[in-house]
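Asks: turn this into a structure:
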Amino acid sequence: MMNQIAKNIYRYRKEKGFTQEKLAHSLGITHQAISKWENEQAMPDITLLPEISKILEVSIDKLLGYVSHDKPITIYEKAYETPEYYWGFQPNSDCYKVLEYIPPIRNMKLLDIGCGEGRNAVFFARNGYDVTAFDISDAGIEKTKRLADHVGVEVNVFKADLLDFRLNTHFDILFSSGVLHYINPKYQEEIFQNYKDYTTLGGMHFFNVFVQKPFIPSPPENEPNSHDWKSGKLLSYYHDWLIEASSEDIIDCDSSGVLHQHAMNRVVARKV
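Replies: Just a heads-up that it's a prediction; the model follows:
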């Protein structure tokens with residue numbers, strides 16, 4: 001827990017633009033105390049947590065590294081609680097690009113960001129990748145475990161909030177489909193930099209994101225926690241990487257039971 005608190009105090013202090021001295025002054029303590037917290041040499045007194053939470057404008061749960069449950073993160077949480085697999089068992093078509101660009105000819109560590117019910121994560125594991133996956137939905141995680149057990153593969157799956165989780169170990173491949181619109185714009189740059197920092201040299205990202213177009217009506221789903229993306233924004237985060245592929249497509253979707261369309265940007269990028 002000390003490690004998580006240290007990282008979170010440092011992260012949220014930086015996001016507020018506070019120096020250690022400024023945070024220390026607000027709390028009525030020395031900046032050396034803040035330094036010890038962030039270097040994992042000490043933990044803040046429990047009586048200080050409410051004040052730290054207030055000053056940094058973040059819940060105590062998040063300071064301690066726990067996922068907040070005060071409101072639904074995704075509209076699919078309830079759908080995942082049914083026995084049926086909402087998205088079915090066939091992998092997303094983008095999964096085949098991973099096999100094409102970076103096949104598992106050696107042990108390849110792959111992270112599936114926002115794995116849902118596990119169809120993509122299990123597909124990758126079946127094809128020989130060392131797969132780690134996370135999602136915010138308890139039901140989705142359980143379905144991922146169940147599907148992996150049924151197929152007879154191993155997927156290291158755990159619960160995490162896309163906004164709170166940061167990598168601290170390296171992966172060869174990062175994959176995410178239909179999830180990145182949940183990232184609040186104020187965290188986008190930091191999150192993508194974290195993903196890039198913890199990608200091995202020669203490793204790749206396979207990401208897509210929904211983008212807004214004036215000629216496509218808003219989708220029928222009410223996504224209270226999603227954020228608009230503009231064409232080219234995803235690509236801009238990879239100006240210093242080799243762009244293997246980049247495209248924009250109009251896709252048909254009936255996830256809500258009502259046929260509609262999305263515009264989607266796709267980026268395949270390699271760290272060189």
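
Asks: for Lys186, which non-adjacent residue is closest in space?
Replies: Counting by Cβ to Cβ, 6 or more residues apart in numbering, Glu15 is the residue found nearest to Lys186 once chain neighbours are left out, at 7.7 Å. Just so you know, the C-beta spots here come from the backbone N, C-alpha and C atoms, and that holds for glycine as well.

Asks: you'd agree the one you found is in a helix?
Replies: Yes - Glu15: assigned to a helix according to DSSP: H, G, I helix; E, B strand; the rest coil.

Asks: can you give me the helices in the stretch 51-200 of the chain?
Replies: Using DSSP state H, counting those that start in this stretch, the helices of the stretch 51-200 of the chain run over 60-63, 77-80, 95-101, 119-126, 138-151, 185-197.

Asks: most tightly surrounded among these?
Replies: Counting by mean count of other Cβ atoms under 10 Å, helix 119-126 has the highest mean neighbour count of the helices of the stretch 51-200 of the chain, with a mean of 24.

Asks: what helices and strands are in contact with that one?
Replies: Other helices and strands packing on helix 119-126, by 3 or more Cβ pairs under 8 Å, 6 or more residues apart in numbering; DSSP states H and E, are helix 95-101, strand 109-113, strand 130-135, helix 138-151, strand 155-159.

Asks: state the mean pLDDT of the first one.
Replies: Put plainly, it is helix 95-101. Over the span of helix 95-101, the pLDDT mean works out to 97.

Asks: other residues contacting it?
Replies: Helix 95-101 is contacted from outside by 110, 120, 123-124, 127, 129, 173, 175, 204, 206, 244-245, 268, 270, using Cβ atoms under 8 Å, 6 or more residues apart in numbering.

Asks: quick one on the thing from earlier: can you say which of the helices and strands packed on helix 119-126 is nearest to Asp252?
Replies: Proximity to Asp252, assessed across the helices and strands packed on helix 119-126 by Cβ to Cβ, is greatest for helix 95-101 (18.9 Å).

Asks: roughly how far is that closest one from the heart of the chain?
Replies: Per Cα atoms, centre = their mean, to the nearest Å, the displacement of helix 95-101 from the mean C-alpha position of its chain is 20 Å.

Asks: how about the nearest residue to Leu180, chain neighbours excluded?
Replies: Nearest non-adjacent residue to Leu180, counting by Cβ to Cβ, 6+ apart: Val209, 4.4 Å away.

Asks: what's the helix or strand for that neighbour?
Replies: Using DSSP states H and E, Val209 sits in strand 199-211.

Asks: look up how far Asn156 lies from the residue nearest to Pro104 when sequence neighbours are not counted.
Replies: Spatial nearest neighbour of Pro104, chain neighbours left out: Gly128 (3.9 Å); criterion: Cβ to Cβ, 6+ apart. The gap separating Gly128 from Asn156 is 15 Å, by Cβ to Cβ, to the nearest Å.

Asks: the residue nearest to Lys186: what's it in contact with?
Replies: Neighbouring residues of Glu15 by Cβ under 8 Å, 6+ apart: 56, 186, 190.

Asks: what do you get for Leu111?
Replies: Leu111 neighbours (Cβ under 8 Å, 6+ apart): 131-134, 167, 171, 173-175.

Asks: let's see 10 Å
Replies: Contacts for Leu111 (Cβ atoms under 10 Å, 6 or more residues apart in numbering) come out as 121, 124, 129-134, 156, 167, 169-176, 195, 198-199, 205.

Asks: taking those residues, please make a ChimeraX selection of just the buried ones.
Replies: Applying 16 or more other Cβ atoms under 10 Å to these leaves a buried subset, and the ChimeraX line that selects it is:
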select :121,124,129,130,131,132,133,134,167,171,172,173,174,175,176,195,198,199,205
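
Asks: point out where the stretch 1-150 of the chain drops to low pLDDT.
Replies: Along the stretch 1-150 of the chain, the model assigns pLDDT under 70 to residues 1-2, 66-75.
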